[in-house]
Each structure stands twice: as structure tokens, then as C-alpha cells.
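Asker: When you get a sec, could you give me coordinates for this:
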Amino acid sequence: MNTFKKLAIVTGLTCISISASAHHLNADQRAKLSSILGCMSQSNDTIHIHGCNLQITNGLGETQSNNGTGNLIIGYNDISSEPPTSASGSHNLVIGHGHTYTRSGSLIAGTKNTVHAPSSFVTGSSSLVEGANADRGTIAGGLGNTNRAFLSGILGGNNNTISDEFSHAMVILGGQSNDLDGQYSTIAGGVNNKVVKALQVNILGGQNNTATVQQTVIAGGRNNTAAREAATILGGQNNTAKGFRSTIAGGADRQTTEDHEFRAGTFNSQDPYRANALNEQN
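Answerer: Reported below is the predicted structural model:
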């Protein structure tokens, strides 16, 4: 590495002002330069730093402060006006392009992701972490996902949302257009499934399933609703569990209204023998 290349590198790392060559440095600056270059070597197009730490700060004296500097950016991270992007955050690792980041301590990779919460992890494309309490949120891959909750994560999928910024400890595992709003709850895949302000709920796949109360489970199926505490629906379609600790095991168009009630199969009001034999009620 020639002298001018070394000086250019050191200038960027240490903010030592030099004009054209090392001859313009005073004795103290030359000593600092010599010490820094002792940690550096070059092999072809690669600069090596060995035996030293590399620390990047924004100069404000506080890790969670923000002024748009102190970031490690790999790639160009092109600033786009459509939609507008902001790179006012500090102390982030930024990989890819088109990202917006306004807080500190996050890892952002992929394309056109937006982070307005500290200590977040976002990869994938066109995803968003934001909210007053959304720090330590995760979006790992996928497209167009949104996380607004504390200590919560979305792992893949597209257009999934953890929607309540006052919630925490929730996970969406893939799928599409799922909406999770509660605490300690999970949606594992599926399409258009929803947890509405409920605690300790699990929806395991399926489509258009909804849980509105705590400690409920919907395991697949479609258009099912768990509307009473500790109710369980095991697949099927158009089933509604309204009984405390009640269970609907598959089937279609079934409903529970009593505590500990069990229903299964398909309700058929046009078959009186079958309805009476199974003591069926819609």
C-alpha cells in the first residue's frame, strides 16, 4: 500500500487532517499515524485490521443518541425519495439499500426496511418496526411485515402484523396477512388469522380464524372463532366456541355455549334422526 492510500484510510478513521502527504503532519500526528498503521495491512483488494479494535461512534458520548453518524453501512443504502427515507439513527449495522433508520442499536438488512425502534433486528424487504414500546423487535425475512410490539417477532411470510404497541412477547411464524394483538400469543402460519387483544392464544394455521379471549387454541381449519376462555377448536370450518373450556373437534357449523361442552362433526338441521341421536344443537 503506498503512502497516500494509507493516509486516506487513516484520515477517514481518525479524523486527522492531512493535505497531501505525511510530510504535513507534526511529530505527534506522525506518532499516532504510525501506531494506527501498525494494526493495518493490505492483501490485494482487502484491508486487514489485526491486533486492534475498531470502534465507530457518533461523537455525542452516548450509545442511544442519534445524529445520523456512527453507523456501519455495507453497500450504498441509496436514499430514496419515493417513498422518502431517513438515515438519522446512529450505531446501527446497515446492509443493503433503501433503508430508513431513526434510532440506535439495530441490525437492518435487505431492501427498503424501516426501523423506528431501538435494538431491533430486521431483514427481508419493505418491512417496518415502529412504536413507542417496540424496541427489541424482530422481523426475520419476508415481505411487508409490521411489528409494533415489545420483545416480539415475525419470522417470514408477507403482510403479517403485530399491531398493538402496548403488547409484548408475541410471535407470527410465516403465513400471510395475519394480525396478532395481545400478549404471549402465537400465530403459526395460515392466512388472515387474527388474535384480538387476547392473552396466551395459539392459532395454528388455517384461514380466517379469530380468537378474542385468553387461553384459547384454534388448530387449523377456516372461519372458526374462539370466543370464550380456554376454548379449543380442532380444525373444521365455520365453528364457534362460546363455552368455557369447551371443545369443537372438527366438523362444520358447530357451536358450543355451555361450560366443558364438546361438539364434533357437521350440524345438519335437515336430518332430525341424526340431530336427535347426537343431541345436536346449533
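
Asker: Where does pLDDT dip in the stretch 1-150 of the chain?
Answerer: Residues of the stretch 1-150 of the chain that meet the criterion pLDDT under 70 lie in 1-23, 80-84.

Asker: Strands of that one, residue ranges please.
Answerer: Using DSSP state E, counting those that start in this stretch, the strands found in the stretch 1-150 of the chain span residues 40-43, 46-49, 72-74, 93-97, 100-101, 107-111, 114-115, 121-122, 128-129, 138-140, 146-147.

Asker: hang on, Leu151 packs against Arg136?
Answerer: Yes. Between Leu151 and Arg136 a contact is recorded at 5.3 Å, counting by C-beta atoms under 8 Å. Yep, even glycine has a C-beta here, placed from its N, CA and C like the rest.

Asker: if you count what's nearby, which of these two comes out ahead?
Answerer: Using other C-beta atoms under 10 Å, the more surrounded residue of Leu151 and Arg136 is Arg136, with 19 against 15.

Asker: center of this protein - which residue?
Answerer: Ile139 (2.2 Å; C-alpha atoms, centre = their mean).

Asker: Dump the strands of the stretch 1-150 of the chain to TSV, plus distance to Glu62.
Answerer: Output for the strands of the stretch 1-150 of the chain, formatted as TSV (distance: least, C-beta to C-beta, whole Å):
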stretch	distance to Glu62
strand 40-43	29
strand 46-49	25
strand 72-74	18
strand 93-97	18
strand 100-101	17
strand 107-111	20
strand 114-115	19
strand 121-122	22
strand 128-129	21
strand 138-140	24
strand 146-147	25
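
Asker: Point out the most buried one among these.
Answerer: Most buried of those by mean neighbour count (mean count of other C-beta atoms under 10 Å) is strand 128-129; its value is a mean of 28.

Asker: Can you give the contact residues for that strand?
Answerer: Outside strand 128-129, the residues that touch it by C-beta atoms under 8 Å, 6 or more residues apart in numbering are 106, 113-117, 120, 122, 137, 139, 145-148.

Asker: please redo it, this time with the cut-off set to 10 Å
Answerer: Defining contact as C-beta atoms under 10 Å, 6 or more residues apart in numbering, one finds that strand 128-129 is touched by 100-101, 103, 106, 108, 112-122, 134-139, 144-149, 152-154, 161-162.

Asker: got it, and stretch 52-72?
Answerer: So stretch 52-72 is in contact with 13, 15, 35-36, 38-40, 77, 86-95, 101-108, 118-119, 135, going by C-beta under 10 Å, 6+ apart.

Asker: mind running it again at 8 Å?
Answerer: Contacts of stretch 52-72 (C-beta under 8 Å, 6+ apart): 13, 39, 87-94, 101-105, 118.

Asker: The residue nearest to the centre of the chain contacts Ser126, doesn't it?
Answerer: No. If you go by C-beta under 8 Å, Ile139 and Ser126 don't touch, sitting 10.4 Å apart.

Asker: Spit out the residues that contact these two alike.
Answerer: By C-beta under 8 Å, 6+ apart, the residues touching both Ile139 and Ser126 are Asn113.

Asker: rewinding a little: now for the strands of the stretch 1-150 of the chain, which one comes closest to Leu173?
Answerer: strand 138-140 (10.1 Å; C-beta to C-beta).

Asker: ok, and what's touching that closest one?
Answerer: With contacts defined as C-beta under 8 Å, 6+ apart, strand 138-140 is touched by 113, 120-124, 127-129, 145, 147, 152-156.

Asker: what about the nearest residue to Leu173 once chain neighbours are set aside, neighbour count?
Answerer: Excluding its sequence neighbours, the residue lying closest to Leu173 (C-beta to C-beta, 6 or more residues apart in numbering) is Ala188, at 4.5 Å. For Ala188, the count of nearby residues is 19 (other C-beta under 10 Å).

Asker: Same check on the one 4 residues further on?
Answerer: The number of residues packed around Asn192, counting by other C-beta under 10 Å, is 17.

Asker: how about stretch 68-83: buried residues?
Answerer: Using 16 or more other C-beta atoms under 10 Å as the test for burial, stretch 68-83 gives 70-71, 77.
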